[in-house]
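[1] No letters, just coordinates:
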């Protein structure tokens, strides 16, 4: 049962991990980075 | 101090594990993504003095604190609407029956593969506390899963897996 729990948790976790980085987040970081660069320039 | 673009790269690499952790806290991927977005905005706002080694634990800690202090108050509790036909959804529904602190300890140890020491740092408690939460979580889940697989009405019983390799 312990092994089964581990397997299920990893399956759940890996399902999300395997989706990579959605563009929502890479876009957000790019926007924020551009913003802070302008602010510090 | 890390340069901004180095920090940004570190943060980007940590987004998949952050989303996986957030999904386990909220039980729902779209809520998880909202939580991650708010975490990133907080992190970028005060993150320029962080060390590279620390980035994952730091981000997980920011996300966790944000979840418990603000996010959870604004939303209905997480333990709703996790039902679904798939094995993952069923497991998620079972997982949601655990107390939040046990659930997060188990997910961080068993899912992310972080060391107990790292998990303790993220959760702001002693290593022994994490070990005990993980043990209690495993015991409770075992009970819930065995009662489920013995239920004659359950059409998708949990399958025992004898050959699980890896982190256990």
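    Yes, it's here. As the structure is a prediction and not an experimental result, all values here were calculated from the model.
[2] who are the neighbours in contact with the spatially most central residue of chain A?
    Centroid-nearest residue in chain A: residue A:21, 5.1 Å away (criterion: C-alpha atoms, centre = their mean). By C-beta atoms under 8 Å, 6 or more residues apart in numbering or on different chains, the contact set of residue A:21 is B:12, B:15-16. The C-beta positions use only the backbone N, C-alpha and C, and glycine is treated the same way.
[3] Just say helix, strand or coil for it.
    Put simply, residue A:21 is coil when judged by DSSP: H, G, I helix; E, B strand; the rest coil.
[4] For the spatially closest residue to residue B:106 that is not a sequence neighbour, give me phi and psi.
    Leaving out its chain neighbours, the residue that sits closest to residue B:106 by C-beta to C-beta, 6 or more residues apart in numbering or on different chains is residue B:137, at 4.0 Å. Its backbone dihedrals place residue B:137 at phi -60, psi -40, with angles given as degrees, to the nearest 10.
[5] Name the helix or strand for the residue nearest to residue B:111 when sequence neighbours are not counted, please.
    Nearest residue to residue B:111 in three dimensions, chain neighbours excluded: residue A:13, at 3.4 Å (C-beta to C-beta, 6+ apart). Per DSSP states H and E: residue A:13 is located in helix A:2-17.
[6] Give me the buried positions along that helix.
    By 16 or more other C-beta atoms under 10 Å in any protein chain shown, the buried positions in helix A:2-17 come out as A:4-10, A:12-13, A:16-17.
[7] By proximity to chain A, which residue of chain B wins?
    Chain A sits closest to residue B:111 of chain B, with a gap of 3.4 Å, by C-beta to the nearest C-beta.
[8] That residue and residue B:20 touch, don't they?
    Yes. Look at residue B:111 against residue B:20 with C-beta atoms under 8 Å: they come within range, at 6.5 Å.
[9] what residues are shared contacts of these two?
    Counting by C-beta under 8 Å, 6+ apart, the residues touching both residue B:111 and residue B:20 are A:12-13.
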